[in-house]
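Undergrad: Sequence first, then the predicted structure:
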Amino acid sequence: MKAQDMMRGYDYDLPLYDVLNNNEKNENGDPVVSADRRVLAGATIGIGLDLAYLAITELQEAFETLAADADNGVIDGEGSKDLAEILDAKNPFQMRLWYLLYDTPFQQAHEDLCWLKSVTYRRGRMCAVMREQKLPVIYATNADLCEGFTAAQLLDRMTVKG
């Protein structure tokens, strides 16, 4: 079988599904992949390849700067400004990640974002493999697959009365 035949119709979300569905336990009976990381992977399924990676990177970098500010005793530094800008922009995917992480211990949240960034980078790298095999790079996001309107689209169309 040719590589092109095997790769035709590749689902870029497979690495995320693999993590989401990972129920393996180590020798101590602990999960190989934490429930938090499984949820983060599930929250990323259906998000565009570039959007996911860039949004996660921006959030992870804001967390990193916030940690550096805290280490240096800075209260309202660049980290808090960066995070405030992200939250003010209300990117739906970043807000989803924020609400999944905001009450997680900071160090763990940062490590989980770094891990998710790595997964989405590898997910996006498959585009290069597809191009090398001379196959089209086709990815349908959740929004592309949605029949009808989403709640966000309906809300955007409504006018405020009063």
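TA: Structure received. Residues are numbered from 1 along each chain as shown.
Undergrad: use CA for all of it now, contacts and neighbours both
TA: Will do.
Undergrad: Who are the packing partners of the longest helix that the chain contains?
TA: Identified as the longest helix of the chain according to DSSP state H is helix 106-132. When contacts are defined as 3 or more Cα pairs under 8 Å, 6 or more residues apart in numbering; DSSP states H and E, helix 106-132 sits against helix 14-20, helix 35-44, helix 49-71.
Undergrad: Name the nearest residue to Tyr102, sequence neighbours excluded.
TA: In this structure, Tyr102 finds its nearest non-sequential neighbour in Ala109, 7.9 Å apart by Cα to Cα, 6 or more residues apart in numbering.
Undergrad: Tell me how many other residues crowd the one you found.
TA: Using other Cα atoms under 10 Å, Ala109 has 21 other residues around it.
Undergrad: Phe149 is nearest to which of the helices and strands packed on helix 106-132?
TA: Minimum separation from Phe149 across those (Cα to Cα) falls at helix 35-44, 19.9 Å.
Undergrad: quick check: angle from that closest one to helix 106-132?
TA: Calculated by axes from the mean of the first three to the mean of the last three Cα atoms, to 10 degrees, helix 35-44 forms an angle of 40 degrees with helix 106-132.
Undergrad: helices or strands up against helix 35-44?
TA: Packed against helix 35-44 by the contact rule (3+ Cα pairs under 8 Å, 6+ apart) you find helix 14-20, helix 92-101, helix 106-132.
Undergrad: Throw those helices into CSV and include distance to Ala70 and mean pLDDT, thanks.
TA: Putting these into CSV (distance: least, Cα to Cα, whole Å; pLDDT from 0 to 100) gives the following:
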stretch, distance to Ala70, mean pLDDT
helix 14-20, 32, 92
helix 92-101, 18, 96
helix 106-132, 11, 90
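Undergrad: got these as JSON lines, with distance to Glu85 columns?
TA: Shown next, in JSON lines, are these (distance: least, Cα to Cα, whole Å):
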{"stretch": "helix 14-20", "distance to Glu85": "28"}
{"stretch": "helix 92-101", "distance to Glu85": "11"}
{"stretch": "helix 106-132", "distance to Glu85": "18"}
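Undergrad: Cool, thanks, signing off.
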